[in-house]
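**Student:** fold the following for me, if possible:
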Amino acid sequence: QVQLVESGGGLVETGGSLRLSCAVSGRTINRYAMGWFRQFPGKEREFVAVIRRSGSITYANAVKGRFTISRDDAKNTVDLQMYSLMPEDTAVYYCALDEMSGTSTKQGDYEYWGQGTQVTVSS
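**Tutor:** Numbers count the residues shown, from 1 in each chain. Next comes the predicted model:
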């Protein structure tokens, strides 16, 4: 059974930082692509970042230079370090696992999802 559990969300002021973590069980994450998505109220989930099996990384333009995705193979976790947060980053953040490990930038690429963690940035 594959489980993804996010943690680290919360309330932060504009310009602040948060670190999200996703603990994975049932799969060894360095064999797959691991992504972060976010969802605004009433919107589809949008791509934030991915770290692929090879270690290559892609970021959405909206977060490039502010967010950093990383993988800890020993802990089987993937983190999203977020800096310079803005109110428009307020969303529910999800981690996801892509078994096919392709481009891995679309919601449909992923087979497994966490339950999400709320990030709220106050102005």
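**Student:** any idea how far the nearest residue to Q3 once chain neighbours are set aside lies from N76?
**Tutor:** Nearest residue to Q3 in three dimensions, chain neighbours excluded: S25, at 4.8 Å (CB to CB, 6 or more residues apart in numbering). (Glycine included, C-beta is placed from N, CA and C.) S25 sits 7 Å away from N76, going by CB to CB, to the nearest Å.
**Student:** please apply the same query to S7.
**Tutor:** 14 Å.
**Student:** find residues that contact each of these two.
**Tutor:** A23 (CB atoms under 8 Å, 6 or more residues apart in numbering).
**Student:** where does the residue nearest to S70 when sequence neighbours are not counted sit, in terms of helix or strand?
**Tutor:** Of all residues beyond its chain neighbours, the one nearest S70 is D79 (5.1 Å), with distances taken as CB to CB, 6+ apart. Secondary structure assigned from DSSP states H and E places D79 in strand 77-82.
**Student:** V24 too?
**Tutor:** Going by DSSP H and E, V24 is part of strand 18-25.
**Student:** average pLDDT for that strand, rounded please.
**Tutor:** For strand 18-25, the mean pLDDT works out to 98.
**Student:** just stretch 115-122 next, same as before
**Tutor:** 98.
**Student:** with just CA atoms, put that stretch into CSV.
**Tutor:** This file holds the C-alpha atoms of stretch 115-122, laid out as CSV (Å, rounded to 0.1, in the frame of the first residue of the first chain):
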residue,chain,number,x,y,z
GLN,A,115,-4.0,14.3,1.7
GLY,A,116,-2.7,17.9,1.3
THR,A,117,-1.5,20.5,3.8
GLN,A,118,-2.8,24.1,4.0
VAL,A,119,-0.4,27.0,3.5
THR,A,120,-1.8,30.4,4.4
VAL,A,121,0.2,33.5,3.8
SER,A,122,-1.1,36.6,5.5
